[in-house]
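Asks: Give me the fold of what follows.
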Amino acid sequence: MGVLNSIQNNFFGVCMPLAYYFCMLPSDILEDRSKRFRLFYDVYAGAIYMMALFCHLGELIKLYQILADENFIFDELIRNYIITLYHVNALIKCIFLRGKVGSRIYRTIIEYENKIYQSQNESVISIYKLTLSSIRNTKRYYLAGMVLVVVFYIAAPAFRDPYYIQKGNETIIVPQVPLSSWTLVDDNYWYAFVWTSAAGTYLTIFFVTTDLICYSFIAFGSCQLDILQYYINNFHEYSQEIMDQTGCTKTESFRMLQREYLMMHQDIISYVKALNGSLKKIMMLDFLPSSIQLAGIIFQMMTNLSIIQCTLLGHFTCTLIARMFIYCNSADNLAVQSQNIATAWYQIDWTELPYDVRRNIILCIARSQKPLTITIGDFQAISLGTFLVILKGTYSYMMLLTTV
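Replies: Numbers count the residues shown, from 1 in each chain. Okay, here's the model as predicted:
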């Protein structure tokens, strides 16, 4: 626990212990630990990821078996494809989180939080905590929703009819298990049930944790912009503080303070660009098939018409829709907040500012017209409009599946 306490962070919240125990932290985050500890942690990480790959391999083998089987079960194909793709994306995100860019972002957030608390500026700390409260609530609701999804998926086979496969004059009954996955104990239903339940839960931890961390990365950009906007709104008050502390002239205090704010703004721009540079490819894998995945789940719900099945699959559908909304809303908020910096500069009192400071303000306003965005590959920026496109695409694919 001593190691975990040394890297604990309020902004990440519950993400940090999950990332620590399931080895999603970059190794250099633990560089202040002993060489022996880091060696042990690397071996532990290897075991954690080998187990994840083994569980995922079972899903891929099952997918091949479904496609190769002469008694093709379309419903099972959809079930396997949807979950397998989510788990693939989660493992790809783990590579990003443990990479160099992920390491820099972790450090940036940890150092920024320490700087906020050390500043002893009650107004800034209040803004930071207010942002934290909103982010924490979102994480808690999403985490609670996914815990229920896992519970429902484990319980679902008890309420589903088995598959009946006709081979000649013989009818083979194939009972359903929580996760569409190949196991070494397929011949024994209860062993297969326990294994697939455990494997599904294990892979879901990676899926949920990577989602929460990526959401934190995006939300951190908005948090920095909120605080920068507060500083700009109180430009003259802080310039007066500089005059009192250094004894410089008012004009010089304006220049010094603006230089500091410009550096803060540039750091935020660099942060978002670095984040988007690595995240945009992952978002492409996440967003492009999302309509098909949602349509597949809704199709399953429609073909298993019962109150219990509709409840179980309906909750999963709502959770995944909420997941896409969280991503789209956080990216949209980042873009809006980045443009609000222009408004903040425009609204301060320009009458006492020297020419060079006013010129820099005009340049800042011009730069802020180009919003900071998280994109889907190199195609388009993620926004609330993207969320609507996903829902429309889901409806279109649903119409296609119902006619197959």
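
Asks: Neighbours of Y189, how many?
Replies: Number of residues near Y189 (other CB atoms under 10 Å) recorded here: 15. All C-beta spots, glycine's among them, are computed from the backbone N, C-alpha and C.

Asks: List the contacts of it.
Replies: 175, 177 (CB atoms under 8 Å, 6 or more residues apart in numbering).

Asks: Then V14?
Replies: Applying CB under 8 Å, 6+ apart, we find V14 in contact with 139-140, 143, 212.

Asks: same thing but at 10 Å, please
Replies: 136, 139-140, 143, 208-209, 212 (CB atoms under 10 Å, 6 or more residues apart in numbering).

Asks: what does A344 give?
Replies: If a contact means CB under 10 Å, 6+ apart, then A344 has 225, 228-235, 261, 364-365, 368 as its contacts.

Asks: cool, and F387?
Replies: Taking CB under 10 Å, 6+ apart, we find F387 in contact with 287, 290, 321, 324-329, 331-332.

Asks: out of those, which is most surrounded?
Replies: Taking other CB under 10 Å to define a neighbour, the member of the contacts of F387 with the most is A331, carrying 29 neighbours.

Asks: any low-confidence regions in the stretch 151-300 of the chain?
Replies: Scanning the stretch 151-300 of the chain for pLDDT under 70 picks out the ranges 163-164, 166-169.

Asks: what are the ranges of the helices in it?
Replies: According to DSSP state H, counting those that start in this stretch, the stretch 151-300 of the chain carries its helices in the segments 189-233, 235-246, 250-287, 290-303.

Asks: Adding distance to L313, write those helices out as CSV.
Replies: Putting those into CSV (distance: least, CB to CB, whole Å) gives the following:
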stretch, distance to L313
helix 189-233, 15
helix 235-246, 53
helix 250-287, 21
helix 290-303, 4
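
Asks: just to revisit the earlier point, restricted to buried residues, select the contacts of V14 in ChimeraX.
Replies: Those of these that meet the burial criterion (16 or more other CB atoms under 10 Å) are gathered into one ChimeraX selection, given here:
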select :139,143,208,209,212
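
Asks: and which of the contacts of V14 is nearest W350?
Replies: Closest to W350 out of these is R136 (38.4 Å), distances taken as CB to CB.

Asks: Tell me how many other residues crowd the closest residue to the closest one other than its chain neighbours.
Replies: Spatially, and ignoring its direct neighbours in sequence, R136 is nearest to G13 (5.5 Å; CB to CB, 6 or more residues apart in numbering). Applying the criterion other CB under 10 Å, we find 18 residues in the vicinity of G13.

Asks: Let the chain start at 41 from now.
Replies: Sure thing, new numbering starts at 41, so read that last one as G53.
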